[in-house]
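Q: what shape does this take:
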Amino acid sequence: MPRRNDIEHILIIGSGPIIIGQACEFDYSGAQACKALREEGYRVSLVNSNPATIMTDPEFADATYVEPLTVESVTKIIEREKPDALLPTLGGQTGLNLSLDLFSAGILDDHDIEMIGAKPDAIKKGEDRELFKQAMVEIGLDVALSFSVHSLEEARDKLPDLGDFPIILRPAYTLGGTGGGIAYNREEFDQMLRQGLDASPIGQVLMEECLLGWKEYEMEVMRDYKDQCVVICSIENFDPMGVHTGDS
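A: This is a model prediction of the structure:
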């Protein structure tokens, strides 16, 4: 893609503390992004709450902030740095959720900041289980039978429609299967459903028919705004579906 000349200053949100499912890959990608953007002549400001990262070394960004990854903290940085754009895709689940919070609070509009790399609607479609399911159905893909629920009572009403256990529970806006799991009986179902609703920032859980044991393939595809695509990675897993959190 050609260089954009309508923006000059980009704010990058890091991923914060290293946790399972959100570790060094985001630090590496963030550091590389800082280098690439500065080579293109952009001013880069970076905020990350984890000082034990490569990206927070002063040499990688024009301005580096080791501050809490909260709306209040980042708003103060925005008021001071006055970036033109926010890049949310290099901070993992933390960066995506925080960017959406800033958007929903009107902070980005108030300071005339454009979200680049991934628009708010695209993030919502990727993180909201029901919106993602609808997007897949609209383009003609087969998906597992599932229902989005927001309460234990609603989930119990949908149980007969899914048939027998086991049933997979997937909270929205969570990382690496956090709060979700496979329920093999009614007791586990109730317990996991409560955990999932608590873990999801929007209180949503997708209850889905179980596909345990299916052969699992993964395709990593990059696509640009001209709909040009390239497969950068293809994987055939040794283990069947249901073993790894990546299945979520």
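Q: could you pick out the longest helix of this structure?
A: Using DSSP state H, we find that the single longest helix of the chain is helix 24-39.
Q: for whichever helix or strand comes after that one, give me every contacting residue.
A: Next in sequence after helix 24-39, counting helices and strands by DSSP states H and E, comes strand 43-47. Applying Cβ atoms under 8 Å, 6 or more residues apart in numbering, the contact partners of strand 43-47 are 8-14, 30, 34, 37-38, 55-56, 60-67, 69, 73-74, 77, 81, 83. (C-beta placed from N, C-alpha, C; glycine too.)
Q: just to confirm, which helix or strand has the residue nearest the centre of the chain in it?
A: For the chain, Gln93 is the residue whose C-alpha lies nearest the centre (Cα atoms, centre = their mean; 4.1 Å). Element membership for Gln93 (DSSP H and E) is helix 92-104.
Q: which residues belonging to the helix or strand harbouring Leu108 are considered buried?
A: Applying DSSP H and E as the criterion places Leu108 in helix 107-110. Within helix 107-110, the residues that count as buried by 16 or more other Cβ atoms under 10 Å are Ile107, Leu108.
Q: from the contacts of strand 43-47, which ones fall inside strands?
A: Secondary structure assignment by DSSP state E places His9, Ile10, Leu11, Ile12, Ile13, Ala63, Thr64, Tyr65 of those in strands.
Q: include pLDDT, distance to Phe132 and neighbour count when you put those into TSV, please.
A: Below are these laid out as TSV (pLDDT from 0 to 100; distance: Cβ to Cβ, whole Å; neighbours: other Cβ atoms under 10 Å):
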residue	pLDDT	distance to Phe132	neighbour count
His9	95	32	16
Ile10	94	27	27
Leu11	95	27	26
Ile12	93	25	28
Ile13	90	22	28
Ala63	91	35	16
Thr64	89	34	21
Tyr65	91	32	20
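Q: out of those residues, who's nearest Leu206?
A: Ile13 (26.2 Å; Cβ to Cβ).
Q: show me what that closest one bridges to in the sheet.
A: Val47 (DSSP bridges).
Q: tell me who's in contact with it.
A: Neighbours of Ile13 in contact, by Cβ under 8 Å, 6+ apart: 47-48, 69, 74, 86-88, 90-91, 94-95, 98-99.
Q: ok, those vs Ile167, which is closest?
A: Checking the contacts of Ile13 one by one against Ile167 (Cβ to Cβ), the nearest turns out to be Thr94, at 28.6 Å.
Q: care to break this protein down by domain?
A: 9-125, 128-209, 217-247 (automatic domain parsing).
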